[in-house]
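Participant: Any chance you can model this:
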Amino acid sequence: MLDLTPLSFGVIFMALALGGVLKGATGMGVPIIAVPVIAAFFDVRLAVALVAVPNLFTNAWQLWRFRQELLPGAFTWALSAASAVGVVAGTVLLATLPAEGLMLLVAVAVTGYVGLRVSVPQFRLTLDAARRMSAPVGVVAGLLQGAAGISAPVSVSFLNALRLARPAFIATISAVFATMSVTQLPALATAGVLTAQVFILGLMALLPILAFMPVGAWLARRLSARGFDLVVLVFLSLLALKLYYDALMA
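Facilitator: Predicted coordinates for the structure are as follows:
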């Protein structure tokens, strides 16, 4: 197994636990917190592969739990299928190229979206407009997921613009994330990034995530729809700052 000191083990455990809280509350968050923390002790490729394993199980579970809240029609599955295509291309980039430039572009896009939401609070996408945009948005989200292990800047910004209620938001984002994970795991294994050892570590990472997801769900039940929307916007703002830092300091 990988050489973990008590300090690194404790920090990674806390990152996974905090990711579990955020996941339970909003349907997202584990890769955002866990990937950079694990990468700080090992490397980006290992971090992406390790987190991909619990991603599959947690998103599949949330998709099943909120399956009645899925949006009608083929929107969710079109977005998910497009993201799967992007994941394959992104995994090739992960194995061959640095992702700093891609992260910087995404950070600018997220900043623009948050700025639009703050300056024009009534801004929202209609479902018809979102359907037309689902293919390119899905591919870009998948590309970012494959290359950097984090697709939330694109996928979450896109779905947040629809102003979905929390259950529908979690159902939709879980479907997208689960589809990407199903595609990403074999792609990582083919690229030689996901080994048997890393897969076992990924299964172990499930424990703190699953243990703390109910805490996040409990906290979220005390949020209004406006409060949930504010949490997502703050999350995206912090994420943009992190992407700027990662891209410019690399």
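
Participant: Find the helix or strand that residue 175 is a member of.
Facilitator: Assigned by DSSP states H and E, residue 175 falls within helix 166-190.

Participant: in that helix, what's buried?
Facilitator: 166, 168-185, 187-189 (16 or more other CB atoms under 10 Å). To be clear about C-beta, it is placed using only N, CA and C from the backbone, and glycine gets the same treatment.

Participant: which helices and strands does it pack with?
Facilitator: Packing partners of helix 166-190 (3 or more CB pairs under 8 Å, 6 or more residues apart in numbering; DSSP states H and E): helix 6-26, helix 44-65, helix 75-96, helix 127-148, helix 152-160, helix 225-249.

Participant: Can you give me the neighbour number for the closest residue to residue 22 other than its chain neighbours?
Facilitator: Excluding the flanking residues, the one nearest residue 22 by CB to CB, 6 or more residues apart in numbering is residue 29, at 2.9 Å. Here the number of neighbours of residue 29 (other CB atoms under 10 Å) works out to 23.

Participant: Likewise for residue 63?
Facilitator: 23.

Participant: Okay, it and residue 223: tell me how far apart.
Facilitator: Distance, residue 63 to residue 223, using CB to CB, to the nearest Å: 21 Å.

Participant: go on, residue 51?
Facilitator: Separation of residue 51 from residue 223 (CB to CB): 26 Å.

Participant: same deal with residue 178?
Facilitator: 24 Å.

Participant: Check residue 217 too.
Facilitator: Distance of residue 217 to residue 223, given as CB to CB: 11 Å.

Participant: Could you pull out the residues contacting both of the two?
Facilitator: Jointly contacting residue 217 and residue 223 under the rule CB atoms under 8 Å, 6 or more residues apart in numbering are residue 25.

Participant: between those two, who's got more neighbours?
Facilitator: The residue with more neighbours, out of residue 217 and residue 223, is residue 217; 18 against 15, by other CB under 10 Å.

Participant: Packing partners of the helix or strand where the more buried one lies?
Facilitator: Using DSSP H and E, the element containing residue 217 is helix 196-220. With contacts defined as 3+ CB pairs under 8 Å, 6+ apart, the packing partners of helix 196-220 are helix 6-26, helix 44-65.

Participant: Okay, buried residues for stretch 221-233 please.
Facilitator: Buried-residue list, stretch 221-233, by 16+ other CB under 10 Å: 228, 229, 231, 232, 233.

Participant: Any chance of JSON lines for these, columns pLDDT and distance to residue 130?
Facilitator: As requested, the buried residues of stretch 221-233 are exported to JSON lines (pLDDT from 0 to 100; distance: CB to CB, whole Å):
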{"residue": "228", "pLDDT": "75", "distance to residue 130": "19"}
{"residue": "229", "pLDDT": "73", "distance to residue 130": "16"}
{"residue": "231", "pLDDT": "77", "distance to residue 130": "21"}
{"residue": "232", "pLDDT": "75", "distance to residue 130": "16"}
{"residue": "233", "pLDDT": "78", "distance to residue 130": "18"}
